[in-house]
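Participant: got a structure for you, letters missing:
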């Protein structure tokens with residue numbers, strides 16, 4: 001198994017090296033913690049035993065890194081955990097609780113990572129050494145696992161992205177000073193929207209795509225932080241963030257026939273030259289065409305979509321059916337009509 005970025009930490013290392021790690025004695029088992037997708041659910045567990053089952057899960061659960069106190073009422077938890085190379089994504093639906101990361105645990109477990117918590121349902125509030133914080137739906141928060149904090153959550157859905165500190169510091173040298181920072185509304189939208197899309201797609205993705213997904217999440221995070229003005233980003237981060245912002249614009253507007261490089265640059269608030277430099281080696285036009293063709297291929301294979309091929313071509317942003325047909329055959333080795341009939 002390739003060395004994981006958490007290798008060497010006292011809490012995690014024995015579990016990373018274990019040949020057969022089970023998330024719970026009553027839940028799905030995994031052959032190796034480096035696999036892309038792990039499950040935990042409290043369904044099927046007696047109500048009185050659910051909380052302890054959740055607490056005793058091994059890595060990639062963060063439960064052992066916290067002093068948790070559940071709120072009143074019946075406890076439940078449903079979690080999916082994805083290993084995306086430099087990022088571990090945990091998609092959690094659960095009842096509310098209060099979690100503390102005291103200095104004693106910070107010193108004892110050696111878990112020096114940075115987590116970004118996105119709220120898709122519910123909310124949270126708490127305290128860090130820098131002060132208090134509060135976040136609602138569609139917000140993101142910086143949680144430095146190398147620093148003490150207390151956070152109370154309501155019943156809802158949280159998605160955490162856990163990063164190697166050294167990796168994230170390459171892009172955000174002052175990440176430690178952002179402990180407890182909450183971004184909401186438009187400032188958080190690129191990352192929250194991407195997380196919402198990816199958590200639907202990840203279970204069906206090929207293993208080889210996991211690293212690319214991790215890079216996209218990093219780019220979206222940097223785009224949010226850069227736009228917020230809350231910190232300075234490295235020069236490398238500026239490029240990564242701009243690439244992510246450009247992809248976000250294209251993915252939201254690819255169906256618009258007049259979406260040109262000049263318009264994308266204007267929307268991204270950069271010059272065309274800067275935009276070209278940030279999107280090498282594929283280039284903007286090539287990425288836009290690839291995205292349009294991929295969407296067209298999905299629609300053509302959808303038995304519920306009875307539109308004419310020309311209508312689908314227009315719907316994904318092509319103005320001419322002959323241009324669409326040539327590009328589609330080049331990309332997929334079949335004409336649109338042949339693809340629909342396969």
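Facilitator: Received the coordinates, thanks. Owing to the predicted nature of the structure, the values given are computational and were not obtained by experimental measurement.

Participant: Going by C-alpha atoms from here, please, whenever you check contacts or count neighbours.
Facilitator: Will do.

Participant: my guess is residue 285 meets residue 264, correct?
Facilitator: No: the criterion here is Cα atoms under 8 Å, and residue 285 misses it with residue 264 at 10.6 Å.

Participant: the more surrounded of these two?
Facilitator: Applying other Cα atoms under 10 Å to residue 285 and residue 264 shows that residue 264 carries more neighbours, namely 21 against 13.

Participant: Okay, helices next: where are they in the stretch 201-342 of the chain?
Facilitator: Listed in chain order, the helices of the stretch 201-342 of the chain (DSSP state H, counting those that start in this stretch) span residues 210-228, 235-253, 261-268, 272-278, 284-300, 309-315, 321-332, 336-341.

Participant: buried stuff in the fourth one?
Facilitator: What that stands for is helix 272-278. Going by neighbour count (16 or more other Cα atoms under 10 Å), the buried part of helix 272-278 is 272, 275-276, 278.

Participant: Ok, the third one next?
Facilitator: Under the neighbour-count criterion of 16+ other Cα under 10 Å, helix 261-268 has 261, 264-265, 268 buried.

Participant: Kindly report the same for the second one.
Facilitator: Residues of helix 235-253 classed as buried by neighbour count (16+ other Cα under 10 Å): 237-250, 253.

Participant: will you turn the buried residues of helix 261-268 into JSON lines that also has pLDDT and distance to residue 227?
Facilitator: Formatted as JSON lines, the buried residues of helix 261-268 follow (pLDDT from 0 to 100; distance: Cα to Cα, whole Å):
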{"residue": "261", "pLDDT": "88", "distance to residue 227": "21"}
{"residue": "264", "pLDDT": "90", "distance to residue 227": "17"}
{"residue": "265", "pLDDT": "89", "distance to residue 227": "16"}
{"residue": "268", "pLDDT": "84", "distance to residue 227": "11"}
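
Participant: Just give me the closest of the residues you listed to residue 319.
Facilitator: The shortest approach to residue 319 among the buried residues of helix 261-268 belongs to residue 261, at 16.2 Å (Cα to Cα).

Participant: Could you point out which of the helices of the stretch 201-342 of the chain sits nearest residue 199?
Facilitator: helix 210-228 (10.7 Å).

Participant: That closest one packs against which elements?
Facilitator: Applying 3 or more Cα pairs under 8 Å, 6 or more residues apart in numbering; DSSP states H and E, one finds that helix 210-228 makes contact with helix 189-201, helix 235-253.

Participant: So which of these is nearest residue 154?
Facilitator: helix 189-201 (18.3 Å).

Participant: tell me the mean pLDDT for that closest one?
Facilitator: The predicted model gives helix 189-201 an average pLDDT of 91.

Participant: now do stretch 225-243
Facilitator: Mean per-residue pLDDT for stretch 225-243: 84.

Participant: Quote the end-to-end distance of it.
Facilitator: Terminal residues of stretch 225-243 are spaced 14 Å apart (Cα to Cα, to the nearest Å).

Participant: how far out from the middle of the chain is that stretch?
Facilitator: Stretch 225-243 has its C-alpha centroid displaced from the chain centroid by 17 Å (Cα atoms, centre = their mean, to the nearest Å).

Participant: picking that back up, and the buried residues of helix 272-278, which is closest to residue 143?
Facilitator: Nearest to residue 143 among the buried residues of helix 272-278 is residue 278, at 28.9 Å by Cα to Cα.

Participant: what pLDDT does that closest one get?
Facilitator: For residue 278, the predicted pLDDT is 74.

Participant: Please apply the same query to residue 115.
Facilitator: For residue 115, the predicted pLDDT is 93.

Participant: The helix or strand encompassing it versus helix 210-228: what angle between them?
Facilitator: Element membership of residue 115, judged by DSSP states H and E, is strand 113-121. On the basis of axes from the mean of the first three to the mean of the last three Cα atoms, to 10 degrees, strand 113-121 is oriented at 80 degrees to helix 210-228.

Participant: What residues sit buried inside strand 113-121?
Facilitator: Across strand 113-121, burial judged by 16+ other Cα under 10 Å covers 113-121.

Participant: and these as JSON lines, adding distance to residue 172?
Facilitator: Compiled in JSON lines, these are given as follows (distance: Cα to Cα, whole Å):
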{"residue": "113", "distance to residue 172": "13"}
{"residue": "114", "distance to residue 172": "11"}
{"residue": "115", "distance to residue 172": "13"}
{"residue": "116", "distance to residue 172": "13"}
{"residue": "117", "distance to residue 172": "17"}
{"residue": "118", "distance to residue 172": "18"}
{"residue": "119", "distance to residue 172": "22"}
{"residue": "120", "distance to residue 172": "24"}
{"residue": "121", "distance to residue 172": "28"}
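
Participant: before we move on, the earlier item: the strand holding residue 115 - which strands sit beside it in the sheet, and in what orientation?
Facilitator: Sheet pairing of strand 113-121 (DSSP bridges) gives strand 139-144 (antiparallel), strand 156-164 (antiparallel).

Participant: Just say which of those strands is most tucked in.
Facilitator: Comparing these by mean neighbour count (mean count of other Cα atoms under 10 Å), strand 139-144 comes out on top with a mean of 25.

Participant: and the nearest residue to residue 55 once chain neighbours are set aside, how many neighbours?
Facilitator: Residue nearest to residue 55 in three dimensions, not counting chain neighbours: residue 63, with 5.4 Å by Cα to Cα, 6 or more residues apart in numbering. Neighbourhood size, residue 63 [other Cα under 10 Å]: 15.
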